[in-house]
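[1] let's see this in three dimensions:
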Amino acid sequence: MAYDLSNHVALVTGSTTGLGKATAIQLGKCGAKVAVNYYNNQERAEKALAEIQSEGVEADIFRASVADEDSVNQLFKDISEKLGDVDILVINATPDQPQMPIEEYTWDHYQAMIDFFIKSPYYLTRAALPAMKEKKWGRIINIGSEVFNRGIPNFSAYVSSKGAQTGFNRSMANELAPFGITMNLIAPGWIPVERHEKDPQEMKDGYFSEIPMKRWGVPADVGHAVSFFASEEAGFITGQYLCVNGGMTPM
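    Reported below is the predicted structural model:
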């Protein structure tokens, strides 16, 4: 066990696939009780829960829309009743990410990104704070993206909202530090997961050719980074922006 997260409760939003599921598994392996969140696909959520529990993780699933205030507040109440108060929050859920010229975007595309990467972190953070402040301990980890660093073209809705999430992370880190609560952001590179299955092979090949480490990232790479930020050992680290992308964006 790399870090000891026993006696902690972790909520990972959007955790039935991809990076979120791997993060839930890793936090659970470190001893945290894990709240697995989904909204649209109960069958997939139940399969993910079984997979997570098969790794020896104490976990349960909770349905909630992370972009709806009432749903988020109910989510924290339900988790508290079943697992205990959330003191590790991983903001991971994401919508579809269409890539197109700005002329083809509608405001609805932008609004969807704002809802997931600004409205959702706002609701989730606010709901988590009462218990964290009372405990004088908390860990909030935003999952951002390297696209903000790299300024990927034809991706303005996603890139701009991820930039706004980065600003939220920096401001809240300073605001919450006096309460013993850290807030950090992890910016993964392109790590192929289920939703990338239909991406063009030439696009994958082009990205892979640029990775300095000459290997694809895997979801567990993100899970390990999250576990570090969630740990006691990272208690004096806040407001940081960590790229997990094999060197694609050296700082």
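[2] kindly format the C-alpha coordinates of the helix or strand of the chain with the lowest mean pLDDT as PDB.
    Every helix and strand in the chain was compared by mean pLDDT, DSSP states H and E; the lowest is helix 201-208, with a mean of 84. Taking C-alpha atoms only, helix 201-208 is exported to PDB below (Å, rounded to 0.1, in the frame of the first residue of the first chain):
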ATOM      1  CA  GLN A 201      -6.000   5.400 -35.700                       C
ATOM      2  CA  GLU A 202      -4.000   8.000 -37.500                       C
ATOM      3  CA  MET A 203      -4.800  10.500 -34.800                       C
ATOM      4  CA  LYS A 204      -3.700   8.100 -32.100                       C
ATOM      5  CA  ASP A 205      -0.500   7.400 -34.000                       C
ATOM      6  CA  GLY A 206       0.300  11.100 -34.400                       C
ATOM      7  CA  TYR A 207      -0.100  11.700 -30.700                       C
ATOM      8  CA  PHE A 208       1.900   8.700 -29.700                       C
END
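[3] what's the first helix or strand after it?
    helix 219-230 (DSSP states H and E).
[4] chain center to that following helix: distance?
    10 Å (Cα atoms, centre = their mean, to the nearest Å).
[5] which other helices and strands contact it?
    helix 18-29, strand 88-91, strand 138-143, strand 181-188, strand 241-244 (3 or more Cβ pairs under 8 Å, 6 or more residues apart in numbering; DSSP states H and E). Every residue, glycine included, has its C-beta placed from N, CA and C.
[6] hmm, 6 Å instead?
    helix 18-29, strand 138-143, strand 181-188, strand 241-244 (3 or more Cβ pairs under 6 Å, 6 or more residues apart in numbering; DSSP states H and E).
[7] contacts for the third one?
    In other words, strand 181-188. 132, 138-146, 169, 172-173, 176, 222, 225, 229, 238, 240-244 (Cβ atoms under 6 Å, 6 or more residues apart in numbering).
[8] also the first one?
    With contact meaning Cβ under 6 Å, 6+ apart, helix 18-29 is reached by 10, 12, 14-15, 34, 36, 48, 52, 55, 57, 90, 92, 193-194, 219-220, 222-223, 226-227.
[9] angle of whatever helix or strand comes next after that helix against helix 18-29?
    Toward the C-terminal end, the helix or strand that comes next after helix 18-29 (DSSP H and E) is strand 33-38. If you take axes from the mean of the first three to the mean of the last three Cα atoms, to 10 degrees, strand 33-38 sits at 160 degrees to helix 18-29.
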